[in-house]
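>>> predicted coordinates and the sequence they were generated for:
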2 protein chains.
Amino acid sequence: MSEQSISPRPLTKDETVRAGAAGSCNQHEVLTRLGDKWTIMVMLQLAAVPGQRMRFSALKRKVAGISQRMLTVTLRMLERNGLVIRHYFAEVPLRVEYELSPLGHSLVPMLENFSAWIAANWQDMEDARLQHDREA
Amino acid sequence: MSEQSISPRPLTKDETVRAGAAGSCNQHEVLTRLGDKWTIMVMLQLAAVPGQRMRFSALKRKVAGISQRMLTVTLRMLERNGLVIRHYFAEVPLRVEYELSPLGHSLVPMLENFSAWIAANWQDMEDARLQHDREA
DNA sequence: CTGGATCCTAAAAGATACTG
DNA sequence: CAGTATCTTTTAGGATCCAG
């Protein structure tokens, strides 16, 4: 449906193949751990208060529609992979605070960029989607 | 099991609450579309050849263990949201090339940063995970 | 070669109830 | 408050077959 037939020039096999190359395997590993919606949203929230800690309940309130269970699972996974630190206070009522580790902190610039990108471009995405759906 | 009892100072409710604030809703929308493993991996590959297009089969080869179906689904989604452009050539054999749209291109710096972060930090993550598992 | 259409299973995630 | 445990529903995703 696009441009049909008269192509500019078929890419050679070498041109098409050559890309990412090495490291692809690590990418897969890392993305399996960090590359999901909830993980990114939780990290975005923690990155939004760089030097600060956040309580479990505060995170739950800030991260849109996350369930208690998924927040727990996500935080456990982030802790396991060394990206967040969990501070447990045996008080009444119980209090637990989370903060980014140094490793997690190294992701902050990227998270802020991403957050900014979303704010700046989500409307374009929405428009593109609506137009694409009209054409279909 | 961490520091117990003697806390530094409980965060006030206001400190804990104040974060991300607005835009949270858009984040959720956007991440529902882009925030999954395959989407990020495909974008990483397309970003690795900034000015270039990639054929379906080339993408399939480069993106670790993606199945034909998931690559198709992912590409359709990216096209629908205006991040990639699909070029269809009615030849024999059929040829289809994908490239980043301008909108998709605006994500390249972030994707490159992320890719670099993975290369630089995946070992730290691995170490943290192993140590965490030993302690458990 | 690049998919579309189906079927099917395993994993993810929501809801709910309970506890230190 | 911050979980855990359990149950159920939903979704992701692989396998397979077919087609322009």
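Received, thanks.

>>> spell out which parts of chain A neighbour DNA strand D.
A:55-58, A:68-69, A:72, A:75-76, A:86, A:93-97 (Cβ under 7 Å from any atom of the strand). Bear in mind the C-beta positions are built from the backbone N, C-alpha and C, glycine included.

>>> helix, strand, or coil at the residue of chain A found nearest DNA strand D?
In chain A, the residue that lies nearest DNA strand D is A:Ser57 (2.8 Å; Cβ to the nearest atom of the strand). Following DSSP: H, G, I helix; E, B strand; the rest coil, A:Ser57 is assigned to helix.

>>> could you report the pLDDT at it?
pLDDT recorded at A:Ser57 is 97.

>>> that one: how many residues sit nearby?
15 (other Cβ atoms under 10 Å in any protein chain shown).

>>> coming back round to it: just flag the most distant two among the residues of chain A next to DNA strand D.
A:Arg76 and A:Pro93 (20.9 Å; Cβ to Cβ).

>>> quick one: which of these two has more around it?
For A:Arg76 versus A:Pro93, the count of surrounding residues by other Cβ under 10 Å is larger for A:Arg76: 13 against 5.

>>> now the closest residue to A:Gly82 other than its chain neighbours: phi and psi?
Distance criterion Cβ to Cβ, 6 or more residues apart in numbering or on different chains; nearest residue to A:Gly82, sequence neighbours excluded, is B:Ala128 at 2.5 Å. Here is the backbone geometry of B:Ala128 (degrees, to the nearest 10): phi -60, psi -40.

>>> so where's chain A uncertain?
A:1-24 (pLDDT under 70).

>>> need the helices for it, in chain order.
A:13-17, A:24-34, A:37-48, A:56-62, A:68-80, A:102-105, A:108-135 (DSSP state H).

>>> elements contacting the longest one?
Pointing back at helix A:108-135 there. If contacts are counted by 3 or more Cβ pairs under 8 Å, 6 or more residues apart in numbering or on different chains; DSSP states H and E, helix A:108-135 sits against helix A:37-48, helix B:24-34, helix B:68-80, helix B:102-105, helix B:108-135.

>>> and the residue nearest the centre of chain A?
A:Ile40 (2.7 Å; Cα atoms, centre = their mean).

>>> correct me, but that residue touches A:Leu46?
No: judged on Cβ atoms under 8 Å, A:Ile40 makes no contact with A:Leu46 at a distance of 10.9 Å.

>>> what count of nearby residues applies to A:Val108?
The burial count assigned to A:Val108 is 16, neighbours taken as other Cβ under 10 Å.

>>> list the contacts for it?
A:Ala47, A:Pro50, A:Leu100 (Cβ atoms under 8 Å, 6 or more residues apart in numbering or on different chains).

>>> share the number of residues neighbouring A:Val73, please.
Neighbours around A:Val73, by other Cβ under 10 Å: 14.
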